[in-house]
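J.: Starting from these lines, generate the structure:
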Amino acid sequence: MNHIAISGLLIFVTSLFSAILVFTKGAKRDTSITWGLFSLSVAFWGFGLFRGFITNIESSALYWGRFLNLSAVFISLFFFHFVVCFTNMVKTKKKELILYYMVYIFYFLIVNIFPKSFVSHVGPILSFNYYPKPGILYLFFGVLYTVFVIYSIFLLFKDFKTSGGVRKNQIKYLLLGVSVGFLGGAMTFLPVYGIEIYPIGTYLVIVYVIVITYAIVKYRLMDITVAITRTGIFIAVYTLVLGLPFAIASWLKPWLIDILGPRWWIAPLGLMAVLATVGPFIYIYVEHKAEEKLLKEQRRYQEILKQASVGMTRIRNLRKLLDLITHIVTKTVHISFAAVYLYNQETNEYILQVSRDKGRVSIPKLSVDNPLITWITHNRDPLIYEEIKHKAQDYNDVTYKHLEENMRLLTASVIIPSFLEDRFIGFFVFGDKISGQIYTPEDLNVFQVLASQAALAIENAQFYEEAKEMQDHLAQAEKMATIGTMADGLSHQINNRFYCLSLIAGDTIDTIKMIDTSKCTPEVKEAFNQINHALGRIQENVIQGGQVVKGILKYTRKGEEGFEALSLDQILDSTLEMVQYKVNLSEIEIIRNYPKDLPKIKGNQVQLQEGFFNFIDNAYDATVERRSLLKEDGYRGKIIISAQPKTEDILEIKIEDNGMGIKEENLRRLFTPFFTTKVSSRRGTGLGLYVIKRVIEEFNKGKIWLESEYKKGTTFFIELPMAKEA
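T.: Alright, predicted model coming up:
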């Protein structure tokens, strides 16, 4: 058996195996299918080489010569189809594909009807007894084959020039592989045209088919360097396992017969059994050592990430924690950028918290109903852009198209979700490796461990910051409560000062009245008049100051007087007495839209005054916010208070404002302590609505709810029990 026949057999076995592997293990996408058909064509061509160059019969050699060349016709066609799919040009090259398939099928039919026009006969060339000789249509086949291969490589090169990152790296090795393979295969055609160069390059076909097939089956993650190494080790080990017994049987047969006699075959068979047993272990050992050397850098940064994930839980500052995570990942893994998105309960969105990138414009937030968020929540697995992109192209599924679009907008090569038990708290976005290498399965495993540890560290940091913020709120509330408890003493001291001022002013006025100013000059008389007027103003302000102190004292008391029959006017009048010192009532209209004979409420006046104080204060802030943000011509703040009996025992009060309104995602948190939506410098403590709810529902046995439309206004509905008539 000559070398070209042996290479043909190996090409047949490896290419057939590759085709089966792609069809069974590869994703059912166009690139896999067309590569499988291409591999199948190469397998038929290799089988033709094997059969054509082991026969000693001229007619058989002629038959297989035509067979292998007809198989080669489809090699270039299926390779072109594969390239069109791989470069995403199916739509733009659809007419070309149809035309080329028609040309090839027509050519195939012609050469089968007139076989001598394709391969006329076989004859001796080089060391071969029977080598195919060309017919008149063979040159057309050669030109067509060459044009298709060159055009396909051109399309790959064109895609290579416009691609980047992982994609560029893949195309680079694909170009290298197919160039080597087609160069090796083309050497078999040289003797046909009288160029007497031995076609030893057929062995190159074996290597490139195996390497590229392996890379396609492991397409989303497999590094081509690892693929080449594993393939090389596999071929080397199993060449030894299968080849050594045959070599011994061929070269040492006479010597074995002398020693073992008729049972000489036991030696090579036993050796084959031993090698077949230890072969897998040899392969695993050598592969491990080779990958250890090849992936030394990956192992290094993976170990750093593992160590970093352990120490993250000790960091309590959220911003510092996220900066550290992105810094470690970008520096150790050498990726183009990294970003972290975390769930924000207030807005019900996943918001960009930190980003380390190079000239990338980050998307600031994603809503919870975004297809990307929905998919991650349901599947909990990492997303790899290349895999999603191909699924979007190969399957008519709108989900993958949305995923691909979102990942493209995020410029994400990989997205790693971060879960704390069943709660999806956020995700990490990682760009391409600067080296252009593909993320390995080990990379993703380490990233998932990092994300899992980060989830716990993030929750701890968030809890710490929330606790600190709540402590500040409580301290402020405690100070206000302390002032409230001091109100009695303070009001007494202030009233004493007011009383002293009133006495001094009164005595001075009386003294001035007793002075005879008839003989004074006009200037002196005017001075006395001004002093008298000023002292009168002091007395008036002392009286007003006393009223303010009285109102504060009344507002800060706990309302221990109990429940009584109160009119809505009575509550509002006492509320406005106090609220005027906090808000500018001249900037808004307060409209009382209810009848004068409205039934009275059974409630605690101090408590209800406190509740209505917060209603008006919040409504005023909402109108100020709308005026400053929307800048509408002719806008004026308005608060409408209306009321009517709902049942025999319940009075329904409606407080409506035309302020900024409340965003829908914030509505459910409005009555939560320390939650506030105020954006002005008068930002509240977040206790106002919480106080209102307690005053209305717990202390006064009523109900409260609201309706709001952002940029339109808010309406509060209050139900309070009515006082029964005596």
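
J.: what packs against the helix or strand encompassing Leu174?
T.: Here Leu174 sits within helix 165-186, counting by DSSP states H and E. Packing contacts for helix 165-186, counted by 3 or more Cβ pairs under 8 Å, 6 or more residues apart in numbering; DSSP states H and E, involve helix 58-86, helix 138-162, helix 202-217, helix 224-251. Placement of C-beta: from N, CA and C, glycine included.

J.: repeat that with 6 Å
T.: If you count contacts as 3 or more Cβ pairs under 6 Å, 6 or more residues apart in numbering; DSSP states H and E, helix 165-186 packs onto helix 138-162, helix 202-217.

J.: Now do the SS call for Glu196.
T.: coil (DSSP: H, G, I helix; E, B strand; the rest coil).

J.: How about it, nearest residue that isn't a chain neighbour?
T.: Setting aside the residues directly before and after it, Glu196 is nearest to Leu126 in space (Cβ to Cβ, 6 or more residues apart in numbering), at 5.7 Å.

J.: Can you pull the phi/psi pair for that neighbour?
T.: phi 50, psi -120 (degrees, to the nearest 10).

J.: So it versus Thr55, what's the distance?
T.: 17 Å (Cβ to Cβ, to the nearest Å).

J.: more neighbours, the two?
T.: Regarding Leu126 and Thr55, a neighbour count based on other Cβ atoms under 10 Å identifies Thr55 as having more, with 19 against 11.

J.: per-residue confidence for the more buried one?
T.: Note for Thr55: predicted pLDDT of 85.

J.: ok, of the helices and strands packed on helix 165-186, where does mean pLDDT dip lowest?
T.: Among the helices and strands packed on helix 165-186, helix 202-217 scores lowest, with a mean of 68.

J.: Point out where the stretch 1-150 of the chain drops to low pLDDT.
T.: Low-confidence segments of the stretch 1-150 of the chain (pLDDT under 70): 1-2, 25-29.

J.: I'd like the distance between the residue nearest to Glu196 and Thr326.
T.: Counting by Cβ to Cβ - Leu126 and Thr326 are separated by 63 Å.

J.: what's the answer for Glu421, then?
T.: Counting by Cβ to Cβ - Glu421 and Thr326 are separated by 24 Å.

J.: With neighbour numbers in mind, choose between the two.
T.: More crowded of Glu421 and Thr326, by other Cβ under 10 Å: Thr326, with 22 against 7.

J.: what residues are up against the more buried one?
T.: 338, 354, 356 (Cβ atoms under 6 Å, 6 or more residues apart in numbering).

J.: and with 7 Å instead?
T.: Contacts for Thr326 (Cβ atoms under 7 Å, 6 or more residues apart in numbering) come out as 338, 340, 354, 356.

J.: Mind telling me what element the second one is part of?
T.: Counting by DSSP H and E, the secondary-structure element that holds Val340 is strand 338-344.

J.: and the following helix or strand past that strand with strand 338-344, angle?
T.: Downstream of strand 338-344, the next assigned helix or strand under DSSP H and E is strand 349-356. Here the directions of strand 349-356 and strand 338-344 differ by 150 degrees (axes from the mean of the first three to the mean of the last three Cα atoms, to 10 degrees).

J.: which other residues reach the helix or strand just after strand 349-356?
T.: Next helix or strand after strand 349-356 toward the C-terminus (DSSP H and E): strand 365-367. Contact partners of strand 365-367, identified using Cβ under 7 Å, 6+ apart, comprise 341, 349-352, 372-373.

J.: Report the buried residues of strand 365-367.
T.: Leu366 (16 or more other Cβ atoms under 10 Å).

J.: Okay, buried residues for the helix or strand following it please.
T.: Downstream of strand 365-367, the next assigned helix or strand under DSSP H and E is helix 371-379. Under the neighbour-count criterion of 16+ other Cβ under 10 Å, helix 371-379 has 371-373, 375-376 buried.

J.: so can I have CSV of the contacts of Thr326 showing neighbour count and distance to Leu99?
T.: Output for the contacts of Thr326, formatted as CSV (neighbours: other Cβ atoms under 10 Å; distance: Cβ to Cβ, whole Å):
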residue, neighbour count, distance to Leu99
Ala338, 22, 47
Val340, 24, 51
Val354, 20, 53
Arg356, 20, 50
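
J.: farthest-separated two in these?
T.: Val340 and Arg356 (9.5 Å; Cβ to Cβ).

J.: tell me the secondary structure for the residue of the chain positioned farthest from its centre?
T.: Most distant residue from the mean C-alpha position of the chain: Lys519, 92.3 Å away (Cα atoms, centre = their mean). At Lys519, secondary structure determined by three-state DSSP is coil.

J.: ok now do it, which residues does it touch?
T.: If you count contacts by Cβ under 7 Å, 6+ apart, then Lys519 has nothing around it.

J.: Quick check on it: phi, psi?
T.: According to degrees, to the nearest 10, Lys519 has phi -90, psi 0.

J.: Begin at 50 from now on, thanks
T.: Taking 50 as the first residue, the last one we looked at is Lys568.

J.: Lys56 and Val132, how far apart?
T.: Not Lys; residue 56 is Ser. For Ser56, the distance to Val132 - Cβ to Cβ - is 25 Å.

J.: hmm, I was thinking of Gln394
T.: Counting by Cβ to Cβ - Gln394 and Val132 are separated by 49 Å.

J.: The two - which one has more neighbours?
T.: Set Gln394 next to Val132 and count neighbours by other Cβ under 10 Å: Val132 wins out with 25 against 11.

J.: Please name the nearest non-neighbouring residue to the more buried one.
T.: The nearest residue in space to Val132 (Cβ to Cβ, 6+ apart) is Ser201, at 4.3 Å.

J.: what about the closest residue to Gly191 other than its chain neighbours, which SS state?
T.: What sits nearest to Gly191 in space, not counting adjacent residues and going by Cβ to Cβ, 6+ apart, is Phe238, at 6.6 Å. Judged by three-state DSSP, the three-state class of Phe238 is coil.

J.: same question, Lys380
T.: Under three-state DSSP, Lys380 comes out as helix.

J.: Measure how buried the closest residue to Leu205 other than its chain neighbours is and give me the count.
T.: The shortest distance from Leu205 to any non-neighbouring residue, by Cβ to Cβ, 6+ apart, is to Leu224 (5.4 Å). For Leu224, the neighbour count with other Cβ under 10 Å is 15.

J.: Correct me if wrong: Leu224 contacts Asp208.
T.: No - Leu224 is beyond contact range of Asp208, at 9.6 Å (criterion: Cβ atoms under 7 Å).

J.: if we can go back for a sec, list just the nearest of the contacts of Thr375 to Ile69.
T.: Ala387 (40.2 Å).

J.: show me where pLDDT drops low in the stretch 200-349 of the chain?
T.: 213-216, 218, 258-293, 295-299, 332, 336-349.

J.: repeat that for 80
T.: 212-223, 225-226, 242-243, 245, 247-250, 252-253, 255-305, 307, 309-318, 320-349 (pLDDT under 80).

J.: For the residue nearest to Leu205, which residues are in contact?
T.: 202, 205-206, 209.

J.: Return the member of those residues nearest to Ala614.
T.: Phe209 (86.8 Å).

J.: My understanding was that the closest one contacts Tyr222; is that so?
T.: No - taking contacts as Cβ under 7 Å, Phe209 lies outside contact range of Tyr222: 10.5 Å.

J.: now the strands for the stretch 600-749 of the chain?
T.: 613-615, 637-642, 650-652, 686-694, 699-706 (DSSP state E, counting those that start in this stretch).
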